[in-house]
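J.: Next input, structure requested:
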Amino acid sequence: MTTKTRAAAWTLLALLLSSVLTVAQTHGTPEEFTAIAIANDEFRTGAGRVIIRVTRWSTDAESERLVTALQTKGSGALLDQLKDARSVGTIRTPDSLAYDLRYANQSKGDDGGRRIIIATDRPISFWEEANNARTLDYPFTVIQMQMGADGEGKGTLSYATRIRAYGKVIDLENFATAPIMLSEIKARPLDE
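T.: Coordinates of the predicted model:
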């Protein structure tokens, strides 16, 4: 794992933990985020549009349950908790089906903006399951967004990620060489 990827992973996990521990957490209203996703990988997958819909924000109890599962029983327990969690929204590209998201949390930033963490189990293909592929060890998708007070922001999407706990420290390990960069993120209220 590169130094840049490790730094991004630590940042994501610190934000996840701080979102659980932040007293002034903002639950908010449903929103839709659109972004340009830029993959910086060896496969040159390029850029595309991604649509993230948050129909509800995770409660404090849900957040605490996820962190406790990871810290006490490991990433397998966290994965089980995420799979059993009620959907908080979806993620999709303009030409794909939506995939359920299982955790969404936001907290106020120092600059008047927001820090947003979204997590879910990732889709596992039939080929991966049938061949017991190494990618099965990386079952999480984690999205981190820094939104300005103007409703625009930037972030990262770590698609194939392993989450591990070391005592009270949580670590993200990307299967890919780098997280997908999210640029030109725009937020709008959801009319549901």
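J.: CA-only coordinates of stretch 60-78, as PDB, when you get a sec.
T.: Once non-C-alpha atoms are left out, stretch 60-78 reads as follows in PDB (Å, rounded to 0.1, in the frame of the first residue of the first chain):
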ATOM      1  CA  ASP A  60     -26.000   7.500  17.000                       C
ATOM      2  CA  ALA A  61     -27.000   4.000  18.200                       C
ATOM      3  CA  GLU A  62     -26.400   2.500  14.700                       C
ATOM      4  CA  SER A  63     -23.000   4.200  14.600                       C
ATOM      5  CA  GLU A  64     -21.900   3.000  18.000                       C
ATOM      6  CA  ARG A  65     -23.100  -0.600  17.200                       C
ATOM      7  CA  LEU A  66     -20.900  -0.700  14.100                       C
ATOM      8  CA  VAL A  67     -17.800   0.600  15.800                       C
ATOM      9  CA  THR A  68     -18.300  -1.700  18.800                       C
ATOM     10  CA  ALA A  69     -18.700  -4.700  16.500                       C
ATOM     11  CA  LEU A  70     -15.500  -3.900  14.700                       C
ATOM     12  CA  GLN A  71     -13.500  -3.200  17.900                       C
ATOM     13  CA  THR A  72     -14.800  -6.300  19.800                       C
ATOM     14  CA  LYS A  73     -15.300  -8.900  17.200                       C
ATOM     15  CA  GLY A  74     -13.400  -7.800  14.100                       C
ATOM     16  CA  SER A  75     -14.200  -6.900  10.500                       C
ATOM     17  CA  GLY A  76     -16.400 -10.000   9.900                       C
ATOM     18  CA  ALA A  77     -18.800  -8.800  12.600                       C
ATOM     19  CA  LEU A  78     -18.800  -5.300  11.100                       C
END
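J.: pLDDT (mean, whole number) over that stretch?
T.: Average pLDDT, stretch 60-78: 84.
J.: what do you get for stretch 98-118?
T.: On average, stretch 98-118 scores 90.
J.: in the helix or strand Ala69 falls within, what's buried?
T.: Using DSSP states H and E, Ala69 sits in helix 60-73. For helix 60-73, a neighbour-count test (16 or more other Cβ atoms under 10 Å) marks Glu62, Ser63, Arg65, Leu66, Val67, Ala69, Leu70, Gln71 as buried. Quick note: C-beta positions are derived from backbone N, CA and C, even for glycine.
J.: Return the set of residues that bridge with Lys37.
T.: I think there's a mix-up here, since residue 37 is Ala and not Lys. Gly48, Leu182 (DSSP bridges).
J.: residues touching Arg92, list them.
T.: Val50, Ile51, Ala98, Tyr99 (Cβ atoms under 8 Å, 6 or more residues apart in numbering).
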